[in-house]
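**Student:** Quick one, what's the 3D model for this:
(one chain, ligands or ions: 1)
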Amino acid sequence: MIEVKHLTKKYGTHLAVDDLSFTIEKGRIYGFLGPNGAGKSTTMNIMTGYIGATSGEVIINEHNILEEPEKAKKCIGYLPEIPPLYLDMTVSEYLHFVAELKKIPKTDRDSQVLKVMKLIKLVNMKDRLIKNLSKGYRQRTGLAAAILGFPDIIILDEPTVGLDPKQIIEIRELIRTLAKDHTVILSSHILAEVQEICDDILIISKGKLVAEGSPEQLEDLTHGKESVELTIQADQVSVKQILSDISGIDDISWLNINENSCHIQINTSNDTQELCADLSLAFAQQKMPVTQMFVNKATLEDIFLELTGGEK
Ligand SMILES: Nc1ncnc2c1ncn2[C@@H]1O[C@H](COP(=O)(O)OP(=O)(O)OP(=O)(O)O)[C@@H](O)[C@H]1O
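**Tutor:** Presented below is the predicted three-dimensional model:
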């Protein structure tokens, strides 16, 4: 449905998008995930024809966004990070205005605006001035404008940013409803959000695609990244000696060492339960008490931070 090929965008000398390529298939919810400044908005702005790329191509339903912008844009509904709302219009006036801009035939406008307002649960607010709406309802109004004309693809830039938890849940519900009939692409810097609603996640860092897959596939990246942490009541020399006879140890971090106690973390690519059993047996045989032992599991958040060079 969308093909992005070798997209690059430079702002002066700053490389905001760096040779980005990916494909969007029909009927799925995609999440662009990345820290602030990763290049998500820039990519979305290029995909929707708002700004031009320095190089590369965007093909929407077989239409190149540069060569056939009208046909390509007709397939897309876009909710930018800051929706361009006219604050002195009522919700209904604004949506009629957008319907006109989108060239929806005059005879269909009333019914389409009503249909969209029902879908987005905006009917109660239809005569309210936009400047008097809450942030959540302004976001709904922007979303309603994006889906007028019922385009195949709906692109949402940070749709839940700045909303309270109840509004976030409502907007996520709406996105799920929209995804029944549309392909949805949304951006977020919140891992839990894309994990919860997206079928596919594209992790973007410094303008590059650093990982792609379903939440489950990305979860698989955490395998083999577990460690065992333990405290042994013994001196470092004795502990080192015991550990030298145990297999499956990749490396050891000495977190805290006293005369009679060592707190360590062991990284292993082997089964951590087996390693725990070996460790407890080996120290018990030498009558060295292990006062605590647990397995640290890597989370998707650790992987995200590792891939995007962030810190907890
Ligand atoms: N018009 C512009 N002129 C110069 N630099 C820009 C411009 N727009 C964006 N940038 C820079 O390009 C980089 C990517 O910005 P972009 O807004 O695409 O990131 P983002 O992932 O959407 O981040 P955010 O979540 O903060 O919106 C950032 O370093 C940003 O400062």
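
**Student:** Quick check: buried residues in the helix or strand residue 218 falls within?
**Tutor:** Using DSSP states H and E, residue 218 falls within helix 215-220. For helix 215-220, the neighbour count (16 or more other C-beta atoms under 10 Å) marks 215, 218 as buried. (Glycine included, C-beta is placed from N, CA and C.)

**Student:** ok, so what distance separates the closest residue in space to residue 255 that isn't next to it in sequence from the ligand?
**Tutor:** Nearest residue to residue 255, sequence neighbours excluded (C-beta to C-beta, 6 or more residues apart in numbering): residue 263, at 4.5 Å. Distance of residue 263 to the ligand, given as C-beta to the nearest ligand atom, to the nearest Å: 39 Å.

**Student:** isn't residue 263 right up against residue 252?
**Tutor:** No: with contact defined as C-beta atoms under 8 Å, residue 263 does not reach residue 252; the gap is 11.3 Å.

**Student:** Quick one: classify residue 139 as helix, strand or coil.
**Tutor:** Using DSSP: H, G, I helix; E, B strand; the rest coil, the structure places residue 139 in helix.

**Student:** okay but it is in contact with residue 164, surely?
**Tutor:** No: counting by C-beta under 8 Å, residue 139 sits too far from residue 164 to count as a contact (11.2 Å).

**Student:** More neighbours: those two, which one.
**Tutor:** The neighbour comparison of residue 139 against residue 164 (other C-beta atoms under 10 Å) goes to residue 139, with 27 against 12.

**Student:** follow-up on the earlier one: ok so the residue nearest to residue 255 is a strand residue?
**Tutor:** Yes: applying three-state DSSP, one finds residue 263 inside a strand.

**Student:** who are the neighbours in contact with the residue nearest the centre of the chain?
**Tutor:** In the chain, the C-alpha nearest the mean C-alpha coordinate belongs to residue 33, at 2.9 Å (C-alpha atoms, centre = their mean). Applying C-beta atoms under 8 Å, 6 or more residues apart in numbering, we find residue 33 in contact with 187-189, 191, 194, 201-204, 304.

**Student:** Only whichever of these are buried, select them in ChimeraX.
**Tutor:** In ChimeraX syntax, the buried subset of the contacts of residue 33 is picked out as below (16+ other C-beta under 10 Å):
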select :187,188,189,191,194,201,202,203,204,304
